[in-house]
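*Asks:* Could you look at this predicted model? Sequence included:
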Amino acid sequence: MAKITKAEILMVDLVPKVTRTDAIQSFVSQETPILRLTDADGTVGTGYSYTIGAGGPAVVSLLRETLLPQLIGRDAEEIEGIWRDLLMSTHATAVGAITSLALATIDTALWDLRCLRAAQPLWRMAGGAKSSVGVYSTEGGWLHIETTDLVADALAMQEKGFAGSKIKIGKPSMAADRARLKAVREAVGPDYHILVDANQSFTLSEARRRADMLAEFDIGWFEEPMPADDVGAHAQLTAASPVPIAVGESMYSLSQFKDYLAMNACTIVQADVARIGGITPWLKVAHMAEAFNVSICPHFLMELHVSLTCAVPNAPLLEYIPQLDEIITSRVDIRDGRAQAPTAAGLGIAWDWDAIGARAIPGLSATLEG
């Protein structure tokens, strides 16, 4: 029995290396809670989650005060049971971002521990569908970036063999968005994927107008066109749009994805392993989407999602946004535009504990033993 004997939580704050803006916000900081779980045999599993500038201390507090004390003495192999018990113990704050992020921190550590004990990489333990996945880049497509630079970045990614680039939209006028997309499409030609993301900034009527414009440039998907909690509006848009509709980064439960799929309110899901509450629910979303013949193309977290996209058969693309470079020694292995599944046991992330210790925020660390 792999009983949990120790839990260590801390948080680091990572400032993005490039400016990241979209139609509703700027991504100025990445608060990253990191958890280490030790079992009775001395095996240590590491998990993490993130925020984009607010809420990190609340996640750590929920972990430290409520969730981690429940882990000591539990069998680490009972991942589903632990996830369910912890969810029910915080039922008054679920479904919601803080609870899901805290659950994900624990769940990813438990999966790392399971894979390390089995001496297997996550992508195999979680399904083993394929050994590599196509990559598209978002890092050169932020809303503030000038059109000439958008074009230059897309051409550079195309030269590297990437499958496509994501361009942020939501300029005050549709003409401004159109001009940017037109320039990129003319530069990269017809065989390179251009994806767009509105970050929930449009009304239904405006989303319909923009969808028709997007079709002119053979856009691969129209991401988060409207507020994520408006399933009905997305169902109307999906029925009318000539462009596939993608949603999911701002959804926090399996049931929310079920509603979207059952109502034909999207054609691509983008579950984020941190925001959905961990690997355990992420895999459920992926398999549910497969039953609807829908692809899953996850949001962010490429260092972890590379393994999950390789674990399931319906995940054709991985989003390229470097996230953890300053606190890890490993890198996502990309060859000819395809990310390779990590071969090391566990999550496939090599943590730099000296760098993490140097960046740990005072007052946001705790160790529990039993």
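*Replies:* Cool, got the structure. Computed from a prediction, not measured in an experiment: that's the story for all the values here. Residues are numbered from 1 along each chain as shown.
*Asks:* tally of neighbours for Lys258?
*Replies:* Residues within reach of Lys258, counting by other Cβ atoms under 10 Å, total 15. All C-beta atoms are positioned from the backbone trio N, CA, C, and that covers glycine.
*Asks:* so how far is Asp149 from it?
*Replies:* In this view, Lys258 and Asp149 are 40 Å apart by Cβ to Cβ, to the nearest Å.
*Asks:* With Met226 instead?
*Replies:* 28 Å.
*Asks:* go on, Cys266?
*Replies:* 30 Å.
*Asks:* Repeat that for Leu87.
*Replies:* 44 Å.
*Asks:* Comparing those two, which residue is more hemmed in?
*Replies:* Leu87 (19 against 13).
*Asks:* which residue packs closest to the more buried one, ignoring adjacent ones?
*Replies:* Ala94 (5.9 Å; Cβ to Cβ, 6 or more residues apart in numbering).
*Asks:* and if you look at Trp83?
*Replies:* Nearest to Trp83 is Thr280, by Cβ to Cβ, 6+ apart, at 4.9 Å.
*Asks:* where's that neighbour, which helix or strand?
*Replies:* If you go by DSSP states H and E, Thr280 is part of helix 279-291.
*Asks:* same question, Leu368
*Replies:* Short version, using DSSP H and E: Leu368 is in strand 366-369.
*Asks:* While we're on Met1, how confident is the model there?
*Replies:* For Met1, the model assigns a pLDDT of 67.
*Asks:* got the residue ranges for the strands in the stretch 251-370 of the chain?
*Replies:* 268-269, 295-296, 317-320, 334-335, 338-340, 366-369 (DSSP state E, counting those that start in this stretch).
*Asks:* Please list the residues outside the second one that contact it.
*Replies:* Meaning strand 295-296. Contact partners of strand 295-296, identified using Cβ atoms under 8 Å, 6 or more residues apart in numbering, comprise 248, 268-271, 285-286, 289-290, 309, 312, 314-317.
*Asks:* List just the nearest of these to Ile34.
*Replies:* Checking the contacts of strand 295-296 against Ile34 by Cβ to Cβ gives Ala271 as the nearest, at 21.4 Å.
*Asks:* What residues does the residue lying closest to Ile145 once chain neighbours are set aside make contact with?
*Replies:* Among residues not flanking Ile145 along the chain, Asp153 sits closest, at 7.6 Å (Cβ to Cβ, 6+ apart). By Cβ under 8 Å, 6+ apart, Asp153 lies in contact with 137, 139-141, 145, 165.
*Asks:* what do you get for Val151?
*Replies:* Neighbours of Val151 in contact, by Cβ under 8 Å, 6+ apart: 183-184, 187.
*Asks:* Got the phi and psi for Thr51?
*Replies:* phi -130, psi 170 (degrees, to the nearest 10).
*Asks:* Could you name the specific helix or strand carrying Lys6?
*Replies:* Applying DSSP H and E, one finds Lys6 within strand 4-14.
*Asks:* Dump the helix or strand just after that strand to PDB, keeping only the CA atoms.
*Replies:* Next along the chain after strand 4-14, taking DSSP H and E as the criterion, comes strand 30-39. Extracted in PDB, the C-alpha atoms of strand 30-39 (Å, rounded to 0.1, in the frame of the first residue of the first chain):
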ATOM      1  CA  GLN A  30       1.900  33.100 -13.400                       C
ATOM      2  CA  GLU A  31       1.400  32.100  -9.800                       C
ATOM      3  CA  THR A  32       2.300  28.400  -9.600                       C
ATOM      4  CA  PRO A  33       1.500  26.300  -6.600                       C
ATOM      5  CA  ILE A  34       3.800  23.200  -6.500                       C
ATOM      6  CA  LEU A  35       3.100  20.200  -4.300                       C
ATOM      7  CA  ARG A  36       5.300  17.200  -3.400                       C
ATOM      8  CA  LEU A  37       3.700  14.100  -2.000                       C
ATOM      9  CA  THR A  38       5.900  11.400  -0.400                       C
ATOM     10  CA  ASP A  39       4.700   7.800   0.100                       C
END
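*Asks:* Thanks again, I'm all set now.
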